[in-house]
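>>> Provide a 3D model corresponding to the input given below.
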Amino acid sequence: MTDSQRRIAYEHPLNERTRSLLRLEHLFEQTEFHMPQPEIWNTRAAIDGLLGITNIFLRSDLKGDLIKEVDRYRKALERLGQNQTVDIERLDDILDTLGDIYSKLQGSTGSPGHKMRRNEFLMDIMQRSSIPGGNCAFDLPYFHYWLQKPAEEREGQLREWMGIYVDFQEAVKIILTLIRDSTSATEEVAKDGFFQQTLDPQVPTQMIRVFTRYGVDYFPEISGGRHRFTVRFMGAARDARPAQRKEDIPFLLARCVF
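You can find the predicted model right below:
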């Protein structure tokens, strides 16, 4: 694929649940990327991701929300089975995956965040991490000691801690995949760099996705809620506040409603 064919996706959640899912996806990917890397700074970044995941689970009943969402998608997809145009084999695979995840989440005991809260080592790091530079060597000598362990040992410990979240990570991944694949993108034009559209409140739109060509010197700022959303294309300027572009800008738009 050439640079002119590449697209950059910008996503904006339209409810708190989708917002939490996107943040979790970001943190899961951060942790998974850095976890197998041998450098201490990679391990630090993996710990930051793990603690971010834990913090999200501690602040809400996300386990209950995920169970409800998986069940909702499973029932919605079961109804699609009556549609003659649906790929039944593909649908059955997705339903099997959702059913397996649902059973695992239902069978898990307690909140994963509260399980992690019992880990005094990680909670000490989390507490100090709220202070700029608070997790440096002199603040957390035990953490500094742990970071000097062999890379394989650090990775093994991280994977053990992340094991608490494996089923939840799988749930987040499949829910976001279903949301993103729920619609096709349409070609739109932002007049004078601005686009606005009304949403049907009876159709729960989960996310807005805007696609721009790779290499352009602007980016979209998306805002919205249940009834409408807007997209403003801002010019990228080094060391200056971005300003709205004043020319017509073509882009691709996906309204994810599943």
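>>> which residues in this protein form helices?
With DSSP state H, the ranges of helices along the chain come out as 16-34, 40-59, 62-80, 88-107, 112-117, 120-129, 141-147, 151-162, 166-180.
>>> Could you export the ones you listed as CSV, including mean neighbour count and mean pLDDT?
C-betas here are computed from N, CA, C, even on glycine. Listed next are the helices of the chain as CSV, based on neighbours: other Cβ atoms under 10 Å; pLDDT from 0 to 100:
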stretch, mean neighbour count, mean pLDDT
helix 16-34, 18, 96
helix 40-59, 19, 95
helix 62-80, 16, 90
helix 88-107, 14, 91
helix 112-117, 17, 88
helix 120-129, 16, 94
helix 141-147, 13, 97
helix 151-162, 15, 97
helix 166-180, 19, 95
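>>> Quick one: those as JSON lines, columns for distance to R226 too.
Shown next, in JSON lines, are the helices of the chain (distance: least, Cβ to Cβ, whole Å):
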{"stretch": "helix 16-34", "distance to R226": "12"}
{"stretch": "helix 40-59", "distance to R226": "23"}
{"stretch": "helix 62-80", "distance to R226": "18"}
{"stretch": "helix 88-107", "distance to R226": "26"}
{"stretch": "helix 112-117", "distance to R226": "28"}
{"stretch": "helix 120-129", "distance to R226": "34"}
{"stretch": "helix 141-147", "distance to R226": "44"}
{"stretch": "helix 151-162", "distance to R226": "35"}
{"stretch": "helix 166-180", "distance to R226": "16"}
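>>> Mind checking these for the one nearest to V257?
Minimum separation from V257 across those (Cβ to Cβ) falls at helix 166-180, 8.6 Å.
>>> Next, the angle from that closest one to helix 151-162.
Orientation of helix 166-180 against helix 151-162 (axes from the mean of the first three to the mean of the last three Cα atoms, to 10 degrees) gives an angle of 70 degrees.
>>> who are the neighbours of helix 166-180, in terms of helices and strands?
Packing contacts for helix 166-180, counted by 3 or more Cβ pairs under 8 Å, 6 or more residues apart in numbering; DSSP states H and E, involve helix 16-34, helix 62-80, helix 88-107, strand 207-213, strand 249-256.
>>> got the contact list for that helix?
With contact meaning Cβ atoms under 8 Å, 6 or more residues apart in numbering, helix 166-180 is reached by 18, 21-22, 24-25, 28, 57, 62-63, 66, 69-70, 73, 94, 97-98, 101, 104-105, 108, 112, 206-207, 209, 254, 256, 258.
>>> Neighbours of R6, how many?
If you count neighbours by other Cβ atoms under 10 Å, R6 ends up with 12.
>>> That one contacts Y214, doesn't it?
Yes - using Cβ atoms under 8 Å, R6 makes contact with Y214 at a distance of 3.7 Å.
>>> roughly how far apart are L199 and T230?
From L199 across to T230, the span is 11 Å (Cβ to Cβ, to the nearest Å).
>>> just E160 next, same as before
Per Cβ to Cβ, E160 is found 45 Å from T230.
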